[in-house]
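Student: missing the sequence, but the structure's below:
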């Protein structure tokens, strides 16, 4: 499908942001200022939109590495949350993404006093076949955080074999981003078949899809989860 | 749409629909693996037995 120029610019900004997150994860949190320091003007609006699209993963180094977040970055993250709320008729993934950002914001910004929003529903996930389930979970991979519970994670926990099948399917389809997102979820799920070879599979996904920073981001998150990182 | 959202969109061209499309993407078209790549996967993946099982049937055309 042909993308508009705006959409292309947004995707490029998201990729840049994801690259910064990957660098911070690889650097053990020593890399500072993943998020842009300014949010004024056209570039700032684009940056805020990119943060909104990357979702809670924009603050992943702070969450997984336990590094105190830079106040300026927290301010940008908060601005993205507040500037781009989901519309009432938004798709479930859009609403869940925003919910995940608000959850992260409450964790990293004590001054964010907004009460916890109600979780969006998961009826569409409960009714999804294993292929669609895996696709949707991969899109919502920023919710796959160790020690964090929500209705989406509970839906995933109920279907580890389906997600494993979806991971294999994604690898065979060369949908590396979906494979990486599904693999990130699988590192959190009990009951994943040992024959899946998840760890080797994730290595392969990174090898084949590593030119996409969002693929690498999910693989890095999965590795940190496997090594015991907790939010 | 709030008035400030409209102003932002006019200035930047970024529309809420662009953001929502990025957050709710359709599944990409699959490109299936061939047996040579599966052999390479065998070397890389080692114990990834499930990854090496027979390929998923391709959808039939027509």
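Tutor: Yes, it's here. On a predicted model such as this, the values are computed, not experimentally measured, just so you know. Residues are numbered from 1 along each chain as shown, chains lettered A, B, ... in the order given.

Student: residue boundaries of the helices in chain A?
Tutor: Applying DSSP state H to chain A gives helices spanning A:5-26, A:41-54, A:60-65, A:71-83, A:92-108, A:123-126, A:130-139, A:151-157, A:160-172, A:176-186, A:198-209, A:213-226.

Student: show me what contacts the residue positioned nearest the centre of chain A?
Tutor: For chain A, residue A:142 is the residue whose C-alpha lies nearest the centre (Cα atoms, centre = their mean; 2.2 Å). Contacts for residue A:142 were tallied using Cβ atoms under 8 Å, 6 or more residues apart in numbering or on different chains; they are A:54, A:55, A:56, A:57, A:60, A:97, A:100. C-beta: built from backbone N, CA, C; applies to glycine.

Student: Pick out the most distant pair among those.
Tutor: Across the contacts of residue A:142, the longest distance by Cβ to Cβ is 13.8 Å; it joins A:60 and A:97.

Student: Settle it for me: which of these two has more neighbours?
Tutor: A side-by-side neighbour count of residue A:60 and residue A:97, using other Cβ atoms under 10 Å in any protein chain shown, places residue A:97 first with 30 against 26.

Student: The more buried one contacts residue A:140, correct?
Tutor: Yes - counting by Cβ atoms under 8 Å, residue A:97 touches residue A:140, with 6.9 Å between them.

Student: Can you add distance to chain B and pLDDT and give the contacts of residue A:142 back as JSON lines?
Tutor: Putting the contacts of residue A:142 into JSON lines (distance: Cβ to the nearest Cβ, whole Å; pLDDT from 0 to 100) gives the following:
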{"residue": "A:54", "distance to chain B": "9", "pLDDT": "97"}
{"residue": "A:55", "distance to chain B": "8", "pLDDT": "98"}
{"residue": "A:56", "distance to chain B": "12", "pLDDT": "97"}
{"residue": "A:57", "distance to chain B": "12", "pLDDT": "97"}
{"residue": "A:60", "distance to chain B": "17", "pLDDT": "95"}
{"residue": "A:97", "distance to chain B": "5", "pLDDT": "98"}
{"residue": "A:100", "distance to chain B": "11", "pLDDT": "96"}
